[in-house]
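[1] What shape does this take:
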Amino acid sequence: MTERDAQRLDAFLADHSSINYIHLQWLDYSAILRTQIVPLHIAKDLASGSLDPFTLGEGCMVIPVSTDPKYFADGPEVWELHPDWASLIPFVSGEGDGEHARVNITRCCPRQLFKSVLQSFQEANSTTILLGFEIEFSLLSATLSSPAVNPLDPNPGHSSTSGLRNPSRLSLLTSIATSLHASGIPVRKFHTEGVEQYEIALCPKPALEAIDALLHAHETIRRHALAANLQATFAVHPLLNNHPISFNSCHIHLSLNPPPENPSVTNAFLAGIMRKLSALCALGMPNFDSYSCVQTMYASWIGFGTQNRHLPVRKIAQNRWELRFVDATANMYLVVALVLMSGGEGMREERVLVHRDMEEVYPGEMSEEELAAFGVVKRLPRDLEDAVAQLKKDVQVRAWMGEEMFGRFVGVKEVECRYFGEMTVEERRLKFVRAF
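    As a prediction, the model looks like this:
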C-alpha cells in the first residue's frame, strides 16, 4: 500500500461520511463474485500499509461451479488481497442505510491482467476504450421456478409493454435504476426481453470502471429482487427445457475513442478479434449451457455484420462493435483483456479483414458457398468442450494469459465439462441459478 492509497480512501470517505464498512471483492476463475467485509478502521490500516494484506486459501479463487464446495488445487496455496482503492463505489444496502462501499481486488486475479493490458493498449494506440453492457436477467420465485407460468398479462418479450404493466415489476426496475444512478452508474434504458426476463443497458464508461460497475449492477439487481421475494438470475438458460424462457446474455459494447481517422486501423482491430474468436468463446461463453443458444442466435458461423444481430459480432460504427459471444458467466476482466490483446495484435500486424460485412444477409439462410463469398468459413465451437479445445490449441492466447492463469482457467473448465456432463438437466439448472 502507498500514501496515495490512503489519500484515495480519505477522499472517498470525505464525500461519503456515513460509510462504516468496506466490501473487499474479487472475481474468481469461475466468475463468482466473492466478498470479505471489513470495518472502516481496518480498511484505513490496509490502505496505509500498517496492516499486512489479508490472505485466502485456494478455494476462494480456483473452484468449479459444478463441484462447489469441492475444489481441485494441486496443493496448499496462499492468495493475497490487495485492494484497488481507486475502484471504490458507494451503494445503498437493502435497508437503505448507505453504509457500505465496494473495493475490487487486483492481485492473483484476472483484473490485474486486464489493468495491465488496458493501459498498454491505450498508450500504444493513443485511444480510450469505452465499454457498455446489456444486462439480461430473469426473475424466479423463491422455489427457483418461473413466477409467471400463467401470467394474467403475458409478456412475449422484445420490449413488449405487457411485461411492465404489473406495478411490482415496474417498481422493481425503477428502484434498481435509481439505486444504480445513486452509485454513479447511469442506466441507458431498460425493457422487457422475454417471459419474466428483462434487460438493463448501462451507459458507456471507461473500460475498467465499466466492468467494476457491471459487477456492482449485478449485485444491485439481486438485492432488489430479493427484497421483492424474487431471485434474479443471470444464468444463461435458467429454466432450460422446462419453460419457453429466453436466453440470458451480457453483450459488450466496445468502442475506440476518438475514432481512428484511417478505417484500416479499426478493420485490423476487428480482424484480430475475428481471427481469435474460436478461442475467445471459451472465455466469453465459459458455461456448459452457453452453447445452447449458438444455433438459435448466431447460425453457428463466425462473422460480423453492420446492425446484424445474427452473428457473434455486430458492427455499429467504424469504431464501435457489440460483442455478442459473451454471457454473464464470463469473467469480464479476462475476456475483455483477451479481446484487446487480439485486436491489438491485429493492429500491430496490420491484418487484413478477410470477413466481409454481412450487413443485409441472414447467415442461417445461406449455403456454405454463399457464406464463403463473405469470408465466412468457420463455425463457432459446438459446446464448451470444443471451445476449451480451441483455446488449448491457440499458443498465442496461452502466452498472453500466462502459463499459470491459462492452466488454472483450463483446469476449471475441464472439470466443468466432466461433472456437468454427468448431471441431469435439473441438477445442472439448479447449480447455475444458484451461482449466477
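
[2] Quick one: low-confidence residue ranges for this structure.
    1, 58, 69, 71-75, 92-108, 147-156, 240-246, 294-299 (pLDDT under 70).

[3] quick one: terminal-to-terminal distance for stretch 273-287?
    End-to-end distance of stretch 273-287: 21 Å, with Cα to Cα, to the nearest Å as the criterion.

[4] what's the spacing between that stretch and its chain's center?
    13 Å (Cα atoms, centre = their mean, to the nearest Å).

[5] With stretch 391-400 instead?
    For stretch 391-400, the distance to the chain centre is 21 Å (Cα atoms, centre = their mean).

[6] Can you give me the buried ones in that stretch?
    Leu391, Lys392, Asp394, Val397, Arg398, Trp400 (16 or more other Cβ atoms under 10 Å). The way it works is simple: take the backbone N, C-alpha and C, and place the C-beta from them, glycine included.

[7] cool, stretch 306-313 as well?
    Asn308, His310, Leu311, Pro312, Val313.

[8] Give me the phi and psi angles of the third one.
    Looking back up the chat, that one is Leu311. phi -130, psi 160 (degrees, to the nearest 10).

[9] oh, and call the first residue 470 from now on, that's how I've got it
    Fine by me, first position is 470 from now on; the one you just mentioned is Leu780.

[10] now for the longest strand belonging to the chain, which elements pack on it?
    Assignment by DSSP state E gives strand 597-609 as the longest strand of the chain. Contacts defined by 3 or more Cβ pairs under 8 Å, 6 or more residues apart in numbering; DSSP states H and E place strand 597-609 against helix 579-594, strand 656-663, strand 666-671, strand 674-675, helix 676-696, strand 700-702, strand 719-726.

[11] Go again with 7 Å.
    helix 579-594, strand 666-671, strand 674-675, helix 676-696, strand 700-702, strand 719-726 (3 or more Cβ pairs under 7 Å, 6 or more residues apart in numbering; DSSP states H and E).

[12] Give the partner strands of it in its sheet and their orientations.
    The strands beside strand 597-609 in its sheet (DSSP bridges) come out as strand 666-671 (antiparallel), strand 674-675 (antiparallel), strand 700-702 (antiparallel), strand 719-726 (antiparallel).

[13] Can you redo the buried residues of stretch 775-782 as a markdown table, where the extra columns are distance to Ala740 and secondary structure?
    Output for these, formatted as a markdown table (distance: Cβ to Cβ, whole Å; DSSP: H, G, I helix; E, B strand; the rest coil):
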| residue | distance to Ala740 | secondary structure |
| --- | --- | --- |
| Asn777 | 17 | coil |
| His779 | 20 | coil |
| Leu780 | 15 | coil |
| Pro781 | 14 | coil |
| Val782 | 11 | strand |
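
[14] Fine by me, we can end here.
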